[in-house]
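K.L.:
mind looking at a prediction? Sequence and model below.
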Amino acid sequence: MTHFSVVQIDMHPAPYVAATGSARSAQILARLVGERCPGNVFGIRDTAEFFGPKSNGFIRDCARSFEVQKIAADELMAEADDNPEQLAKWHVYFYDSGAGDYRFKVNAYLDHDLRVRAKCEADPELIGRGVVYGDGPTMETLYLMLDAFTASRETAA
């Protein structure tokens, strides 16, 4: 079984927080612990980090808490049809600057990247969102998604 680790990436070397069996479950844990321990930044690794430095006990206990584990399991179950392999989740954001040939823009960020996602969701030019599971979406994929998104907006108008 491949293990994935949640690590605290705002410290060097990145201390170990928790391990899990899939990229998506590690991502959910990183996001949930980040929400509960503000001011800390968490990421995931596609290896087991059992032997490196450990994060403080409060953070590790938070990742192992019943609340966090239950929420993570519920999210995995809710996504089971769309993401049966439990691949990493990317949020895709569509923007409209309102003028010019290149008025529409698109970008994508990992689910557990809370700081950047908060900035994207607060952007006044944000006009829509999408989700992609798997490896990071290529520019071609993002532009195809943008074309489909803008075409659906034009037909709805």
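P.N.:
Now that the structure is in, tell me what you want to look at. As the structure is a prediction and not an experimental result, all values here were calculated from the model.
K.L.:
contacting residues for V7?
P.N.:
Residues near V7 by C-beta atoms under 8 Å, 6 or more residues apart in numbering: A14, P15, Y16, V17, F42, G43, I44, R45, E49, S55. (C-beta placed from N, C-alpha, C; glycine too.)
K.L.:
of those, closest to S65?
P.N.:
The closest of these to S65 turns out to be V17 (C-beta to C-beta; 12.1 Å).
K.L.:
show the buried residues in the contacts of V7.
P.N.:
Buried positions within those, assessed by neighbour count (16 or more other C-beta atoms under 10 Å), are A14, P15, Y16, V17, F42, G43, I44, R45, E49, S55.
K.L.:
okay, how far is it across stretch 129-143, tip to tip?
P.N.:
End-to-end distance for stretch 129-143, by C-alpha to C-alpha, to the nearest Å: 13 Å.
K.L.:
report the buried residues of it.
P.N.:
Under 16+ other C-beta under 10 Å, the buried positions of stretch 129-143 are G130, V132, Y133, P137, T141, L142.
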